[in-house]
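Visitor: Please work out how this folds:
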Amino acid sequence: MASRENAKEQRRREIVRAARVLMQKTGKTGFSMRALAEEAGVSIATPYNLFGSKQTVMFAVLDADLHQYQTRLERLRADEIEVFFKAVTLTSSLYASEPLFYRAVLFAAYNAGGTKFRSIFDGPRHAMWKRLVTDAKQAGVIRDEVEPAAFAINLGHIFFSCILEWVNNVISLEEMEARVQYGFAISLHGVCKPDSAERLWDKVLRTQKRLKALHRKRLKEKTAAEQASSSNGSA
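Guide: Predicted coordinates:
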């Protein structure tokens with residue numbers, strides 16, 4: 001029985017690996033389940049039997065990155081406040097390494113349905129934010145009255161909404177990072193103890209300044225693109 005389950009788990013990993021390979025090649029998720037099976041070296045029925053749908057494979061691809069991400073986060077040198085902001089920067093750097101791939105897989109997962117997509121930010125991801133909040137409470141950074149699970153949900157909402165704007169090409173990855181960090185800074189400032197208030201307020205002001213600069217940059221680029229389009233159309 002154990003060997004059978006091990007073999008099944010190995011096939012799952014191969015399918016997830018194959019999906020990643022196919023998306024890395026094209027930056028798209030338009031491959032067929034047949035192509036996925038061929039890349040994984042399994043029968044056409046196997047992806048359906050193990051995952052049920054291609055959307056579920058997309059979720060598995062994202063989950064496969066989570067363990068590596070958490071390992072890298074644990075290795076970061078940061079105190080109980082700075083770790084929240086470094087976690088965001090770590091996500092941004094991960095997406096920057098393969099922007100077409102991550103935008104494609106997140107877009108595909110989202111289009112599979114809001115509830116299912118939202119679920120990928122629950123579970124282990126929620127547990128990660130909850131752990132960071134708990135650590136901050138134990139370190140005396142956050143007020144004792146704050147409930148870690150509730151505050152972790154708030155952070156997840158900020159994170160989730162800004163990622164969606166990047167996925168839909170509304171904002172740049174740099175602006176996504178700044179927006180999440182701004183939301184985190186304001187939220188943490190609202191629940192922190194007095195000793196940490198000044199430090200977090202400074203983070204709010206500095207991130208706010210960065211956001212203003214990024215907003216001006218985005219508007220300037222949009223205007224330049226519109227002018228270029230207008231010139232090409234009248235030529």
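Visitor: so what's residue 98 closest to, chain neighbours aside?
Guide: The shortest distance from residue 98 to any non-neighbouring residue, by C-beta to C-beta, 6 or more residues apart in numbering, is to residue 24 (6.8 Å). All C-beta atoms are positioned from the backbone trio N, CA, C, and that covers glycine.
Visitor: and the one you found, that's in a helix?
Guide: Yes - with DSSP: H, G, I helix; E, B strand; the rest coil as the criterion, residue 24 is assigned to a helix.
Visitor: and it, how far is that from residue 39?
Guide: 11 Å (C-beta to C-beta, to the nearest Å).
Visitor: out of these two, which sits in the more crowded spot?
Guide: When neighbours are counted by other C-beta atoms under 10 Å, residue 39 comes out ahead of the other of residue 24 and residue 39, with 18 against 12.
Visitor: In contact with that one, which residues?
Guide: 18-19, 21-22 (C-beta atoms under 8 Å, 6 or more residues apart in numbering).
Visitor: and if you look at residue 78?
Guide: Per C-beta under 8 Å, 6+ apart, neighbours of residue 78: residue 86.
Visitor: From residue 183, how far off is it?
Guide: Distance, residue 78 to residue 183, using C-beta to C-beta: 18 Å.
Visitor: next one: residue 97
Guide: Residue 97 sits 24 Å away from residue 183, going by C-beta to C-beta.
Visitor: swap in residue 100?
Guide: 26 Å.
Visitor: Between the two, point out the one with more neighbours.
Guide: More neighbours surround residue 183 than the other of residue 100 and residue 183, with 20 against 12 (other C-beta under 10 Å).
Visitor: Now do the same contact list for the closest residue to the more buried one other than its chain neighbours.
Guide: Leaving aside its sequence neighbours, residue 183 sits nearest to residue 158 (C-beta to C-beta, 6+ apart; 3.8 Å). Contacts for residue 158 (C-beta under 8 Å, 6+ apart) come out as 180, 183-184, 187.
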